[in-house]
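Chemist: requesting a structural model of the entry that follows:
(one chain, ligands or ions: 1)
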Amino acid sequence: MGKRKAEARDAYVIVSAERPPPPSHELSPAEKAYVKWMKRRGIVLNGVGVGRFPRTGRGCVATRDIAPGDVLVSVPEDAIITAETSVAADALTKFGLGGDEMSAEASPRLEREALVLAVLAEMSRGHESDFAPYLAALPTLRATHSPLAWSGAELAELEGTSALDHLMQMEDEALELPSMTAEHWRHVARPFLEANPEFARAPGGVRRRRDAGEDDDDIDDEEGDEADDDEADAEVLEAQKMYLHAAALVAGFSFTLGGDDDDDDDDASDSEGGGGGGGGGTTQAMVPFWDMLNHASPLDASVRLTHDPDARELRMVATKRVPAGAEVFNTYGPLGDAELLRRYGFTLRKNPHGGGVECGVRELMAAASMARYTAETAEIHRFADDPEDRDADDDADDSDEDSDEDSESDSDSDSDDDDEDDETDDEYDLGIGEVSRKDMMDRLRWLRRRGILSNSRDKFYVSRTGRPSVALRHAVRVLSMHRFQFGVLRAADAYERGERDDQTGAYSDEDDEDDEDGFGGAKPMTTSQIWDGAGVDDDDSDLEERQDQMSRVAVALVALAETALTVGRFPTASLRVDVKRLKQLGPERAGERARAGLGGWRAGIKSGAVKRAESGDHKPSWRDEERRAMHRARMALVVRIREKRALKAMAAWARHPCRSEEDLLPPLRSSDVVERKAGSKVRGACCERDCEREGRTCEAN
Ligand SMILES: C[S@@+](CC[C@H](N)C(=O)[O-])C[C@H]1O[C@@H](n2cnc3c(N)ncnc32)[C@H](O)[C@@H]1O
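Modeler: Take a look at the predicted model:
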C-alpha cells in the first residue's frame, strides 16, 4: 500500500496537531467533596489522585513516581456499594435479588441488575445516602456517553454493527450490561420500585425539580410536558431516567469481585473484563476510586486489582513503574471498539484487539446457499460440456436422492427439534443448490453436536485482518456442502454414535447393496477421516471432491462479506461514503472528549460553569450539544468502518489464490488445529508467481 493511502486510511485516528492541554489535577467542588468523603470512609490513596488527561478525560494520576508492588489504593469493604451494603439490601433480598440464594443461582445479568437497583436506591436518597459525595462525583448519564443516552438518530449510525446488535439483544442474559435494559426495567426494576416506592423518588421530588426549572439533560424526554400534568406518570418517568443512569454507571464503573474458591486474594476484575466471571460466588460492586481508572489494552495496564476477604479490604497494586504526573491505567479486557462503545461509551484511537466483525447463523445459511448454487451451476455447465461425465453423474444423482430419502432414520434422536423430522424431503422438487428445511436442520444439528453452534443466535467471528474463525469455516463448510457430501458425513457420524450398528450388517460389504448412505459398499470411514481427508486416495475424484469443498467455503465467505456490505447489515452507505463522512467530521481534537463528554460541561474547572452545573443551573449550550453529537457520530463511524473493513478483508482473504486446503478446510478437532504465528509467511504457488514479484506478503491470518 502506498504511503499516501496509508495516511488517508488512518486519518481518523490521528489526533489533531493542536497542542494538547497539560494534564490538570485541579478538582471541582464535587471532586473535593468526594476526596474528603473517601478519607472519612477509610479509603487510602497512596501516590495517586484525580487527574484530567487530554485523551481520556478524567482519570487516575500518579502523584509521585510509582514502583511495581506499591499499594496505591486500599478500600475497606464497607465503603463499596453492593446489593448487600446498600440501603435496599433487605428489599432486594425480599424481592429475590439478594442474599445467598440469589448468588448461588443468579445469572450474571441479574446480579448486575441487583447492583443497578442498589445504586438507584442510593441515588434516590440524595444527600442522605451514605455514598452521596461518591455518587455526585460520577458523571451524568449523558456524560458517560453510554449508548443508553443516545438519541434514535445517533443509534441509527450504529445500524449493522455488533455494538447495536448486542445492545438491542432481548434474550441473551449472558451479555454484559447495558444490554436488555428495557426488558429488565419492565420485568424487574419497575415491579421492584412499585413494591418499594421509597427508592423510586428523584432526590428533592419530581415536582420540586421541575418547578425549579432544572434541566433534564440526561434523557430525551418528548413526553415531559404531558408527564408534568400527571405527577404519578412524572414519577415513573423520573424513576426510569434514574434507572437508565444507574444502569449506565454499573455498566461503565462496576467491578466483579471474587469468582474462585481460593483462600488467597481474589482477583477482582472490571465487571466487563471477564476475569471474575459472573455468578458462582461473585459479587458485583461499585468500588470508589478503583473506578477512576481508565482503560488501556491488557499489556499497557499498570495495576492489579485485588480483594482480600479476610482483611475485608480491596487493593489497587501497581504492576509497573509509572512516573509522577502520568496516567495510571486499568484494563477492561481485550475488547474491540464495538464492545468498548456499547459498554463504556468510547472507542480507542488504535485498538490492538477486536475490531473484527461477527456474523450470525442466518447470514451464514444464506451465503452457503449461494455457494451451493454457484458450485452446482458450474457442475451443470461442466456436465453439459462433457457428455462422458453423464453416466457417472446419473449414478451420483441416484445416490443423492437415496440419501435424502433415508435422512429420516439418520436424524439425531436426542435433538430438541424432533418435530421437524416428520417432514420429508421428497415432497419438494429441490432446485440447484437448494436443500430442504429438514436437511438444513440436520446440518445445524450436526454443527451443534460438534460444539460449533450452540443456538440459533450464535455469532461467528472474523478478525479485523479478515481471518474467519475456525468455527466460521467449519460452519460454512457444512452448510455449503452438496447434499451427497453432507449425506456421507452425516452417515459416518450416525454410525460412529451407534445410531447405526455395524453389527446389524447395515454397513457390511455383503448387505450394503442399496448403498443407502453413499458408502458404496465400503466400510464407513470415521467423521474425522472424512473431514480431514485422511485416507483420501490421491485419485482424481477424491481430490476433486476436496477442491469442490474448498471452493464452496471460499465462495460462501465471499458471499457472506459482500451481502453484508451491500444488501445485508450495511445497506445504506458504502465504506467509501463512511470514510468520507469521517474525514468531514475531522480528526478528534485534543481535549475534545473532556469538553464534549466525560466531565463534559462539569469539567470546565475554572469556569463558572462548574458551579452552575453543580447547583443544577447549568444548561448545556448548543455548542456543547454539537460537540457531543459529533463525538458520538465519530465513534459510531469508527465502529462501522472497522467492521466493514473486516468484512472486505475477509472477502479478499477467501479470494486470495494462496489459500491452502488447511486454511479453507481446517481440521475438525481443536487439538488438530495448528496455530500458525500471525504474520508468518505462507508460501504457495502464487507467492512465487505474483506475491513476491509484487512485493506482497501473504499473512497466515
Ligand atoms: C471506570 S470509568 C473511568 C473514569 C472516568 N473517566 C471518570 O471520569 O469517572 C469508565 C469510563 O471512563 C471512560 N474511559 C475509560 N477509558 C477510556 C479511554 N481509554 N478513552 C476514553 N475514555 C475512557 C469511558 O467513558 C468509561 O465509561
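Chemist: C-alpha only now, for contacts and for neighbours.
Modeler: Will do.
Chemist: surely Phe131 touches Ala121?
Modeler: No - Phe131 sits out of contact with Ala121 when judged by CA atoms under 8 Å, with a separation of 10.8 Å.
Chemist: between these two, which one's more packed in?
Modeler: Ala121 (28 against 23; other CA atoms under 10 Å).
Chemist: wait, a helix at that one?
Modeler: Yes - assessed with DSSP: H, G, I helix; E, B strand; the rest coil, Ala121 lies in a helix.
Chemist: from Leu148, how far out is it?
Modeler: Separation of Ala121 from Leu148 (CA to CA, to the nearest Å) stands at 19 Å.
Chemist: burial count for Ala573?
Modeler: Ala573 is flanked by 10 other residues according to other CA under 10 Å.
Chemist: assign it to helix, strand or coil.
Modeler: With three-state DSSP as the basis, Ala573 sits in coil.
Chemist: phi, psi of it?
Modeler: For Ala573, the backbone dihedrals (degrees, to the nearest 10) come out as phi -140, psi 140.
Chemist: tell me how far it lies from Arg41.
Modeler: Per CA to CA, Ala573 is found 53 Å from Arg41.
Chemist: ok, and for the helix or strand harbouring Cys359, which residues are buried?
Modeler: In the assignment (DSSP states H and E), Cys359 maps to strand 357-360. For strand 357-360, burial by neighbour count (16 or more other CA atoms under 10 Å) applies to 357-359.
Chemist: for those, which one is nearest Glu626?
Modeler: Val357 (29.5 Å; CA to CA).
Chemist: can you pull the contacts of that closest one?
Modeler: Contacts for Val357 (CA atoms under 8 Å, 6 or more residues apart in numbering) come out as 161-162, 461-464, 643-644, 646-647.
Chemist: cool, and Pro666?
Modeler: Contacts of Pro666 by CA under 8 Å, 6+ apart are 470, 473-474, 532, 673.
Chemist: would you say it is within a strand?
Modeler: No - looking at Pro666 with three-state DSSP, it is coil, so not inside a strand.
Chemist: which stretches of the stretch 351-500 of the chain form strands?
Modeler: Here the stretch 351-500 of the chain has its strands, by DSSP state E, counting those that start in this stretch, at 357-360, 459-462.
Chemist: could you do the stretch 101-250 of the chain as well?
Modeler: Remark: no strands are assigned in the stretch 101-250 of the chain by DSSP E, counting those that start in this stretch.
Chemist: neighbouring strands - and their directions - for the strand holding Cys359?
Modeler: Applying DSSP bridges to the sheet, strand 357-360 is found paired with strand 459-462 (antiparallel).
Chemist: need the residues that contact the strand it pairs with.
Modeler: Contact with strand 459-462 is made by 356-361, 468-469, 471-472, 646-647, 650, as judged by CA under 8 Å, 6+ apart.
Chemist: what residues are up against the residue in the stretch 351-500 of the chain that the ligand sits nearest to?
Modeler: Proximity of the stretch 351-500 of the chain to the ligand (CA to the nearest ligand atom) peaks at Asn351, 9.9 Å away. Contact partners of Asn351, counting by CA under 8 Å, 6+ apart, are 297, 336-337.
Chemist: tell me the residues of this protein that contact the ligand?
Modeler: Within reach of the ligand by CA under 6 Å from any ligand atom, the chain has these residues: 56-59, 138, 144, 252-253, 291-296, 344-346, 598.
Chemist: restricted to helices, list the contacts of Asn351.
Modeler: Asp337 (DSSP state H).
Chemist: just the contacts of Asn351 now: which is nearest Gly487?
Modeler: Gly336 (39.0 Å).
Chemist: want to throw the strands of the stretch 351-500 of the chain into CSV with distance to Gly451 and mean pLDDT?
Modeler: Below are these laid out as CSV (distance: least, CA to CA, whole Å; pLDDT from 0 to 100):
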stretch, distance to Gly451, mean pLDDT
strand 357-360, 16, 92
strand 459-462, 13, 92
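Chemist: need these in a markdown table with distance to Val71, can you?
Modeler: Below are the strands of the stretch 351-500 of the chain laid out as a markdown table (distance: least, CA to CA, whole Å):
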| stretch | distance to Val71 |
| --- | --- |
| strand 357-360 | 39 |
| strand 459-462 | 39 |
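Chemist: what about the strand or helix carrying Asp542, average pLDDT?
Modeler: Using DSSP H and E, Asp542 falls within helix 540-565. Averaging pLDDT along helix 540-565 yields 92.
Chemist: where along the stretch 501-650 of the chain do the strands fall?
Modeler: Taking DSSP E, counting those that start in this stretch as the criterion, the stretch 501-650 of the chain contains no strands.
Chemist: still on that earlier bit, check the contacts of strand 459-462 and tell me the two furthest apart.
Modeler: Within those, two members stand farthest from each other by CA to CA: Val361 and Ala646, at 17.7 Å.
Chemist: out of these two, which sits in the busier spot?
Modeler: The residue with more neighbours, out of Val361 and Ala646, is Ala646; 24 against 19, by other CA under 10 Å.
Chemist: mind checking how far that one is from Thr144?
Modeler: Going from Ala646 to Thr144 by CA to CA gives 28 Å.
Chemist: so where's this structure shaky on pLDDT?
Modeler: By pLDDT under 70, the low-scoring segments of the chain are 1-25, 100-106, 203-231, 259-280, 354, 382-430, 500-524, 534-539, 590-621, 669-701.
Chemist: for whatever residue of the stretch 301-450 of the chain ends up closest to the ligand, give me its contacts.
Modeler: As assessed by CA to the nearest ligand atom, the ligand sits closest to Tyr344 within the stretch 301-450 of the chain, at 3.6 Å. By CA under 8 Å, 6+ apart, Tyr344 lies in contact with 144-146, 251-252.
Chemist: just send those residues back as a markdown table, with neighbour count and distance to Asp78 too.
Modeler: Output for those, formatted as a markdown table (neighbours: other CA atoms under 10 Å; distance: CA to CA, whole Å):
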| residue | neighbour count | distance to Asp78 |
| --- | --- | --- |
| Thr144 | 24 | 26 |
| His145 | 26 | 29 |
| Ser146 | 25 | 28 |
| Ala251 | 25 | 21 |
| Gly252 | 25 | 21 |
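Chemist: what two of those residues are the furthest from one another?
Modeler: Maximum distance among these (CA to CA): 11.5 Å, for His145 and Ala251.
Chemist: and the longest helix for this protein?
Modeler: Max-length helix for the chain by DSSP H is helix 622-655.
Chemist: how much does that helix deviate in direction from helix 540-565?
Modeler: 170 degrees (axes from the mean of the first three to the mean of the last three CA atoms, to 10 degrees).
Chemist: buried stuff in helix 622-655?
Modeler: For helix 622-655, a neighbour-count test (16+ other CA under 10 Å) marks 624, 627-654 as buried.
Chemist: over to stretch 571-585?
Modeler: The neighbour-count check on stretch 571-585 (16+ other CA under 10 Å) flags 575, 578-579, 582 as buried.
Chemist: would you mind writing the CA trace of that stretch as CSV?
Modeler: What follows is stretch 571-585, C-alpha atoms only, in CSV (Å, rounded to 0.1, in the frame of the first residue of the first chain):
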residue,chain,number,x,y,z
PRO,A,571,-27.4,-1.4,3.2
THR,A,572,-27.3,2.4,3.4
ALA,A,573,-23.8,3.6,3.0
SER,A,574,-20.7,2.2,1.4
LEU,A,575,-17.4,2.0,3.2
ARG,A,576,-16.2,4.9,0.9
VAL,A,577,-19.1,7.1,2.0
ASP,A,578,-18.4,6.4,5.7
VAL,A,579,-14.7,7.2,5.3
LYS,A,580,-15.6,10.4,3.6
ARG,A,581,-18.0,11.4,6.4
LEU,A,582,-15.4,10.6,9.0
LYS,A,583,-13.0,12.8,7.2
GLN,A,584,-15.6,15.6,7.1
LEU,A,585,-16.0,15.3,10.8
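Chemist: mind listing residues that contact that stretch?
Modeler: Outside stretch 571-585, the residues that touch it by CA under 8 Å, 6+ apart are 11-12, 564-566, 630, 634, 637-638, 640-641, 644-645.
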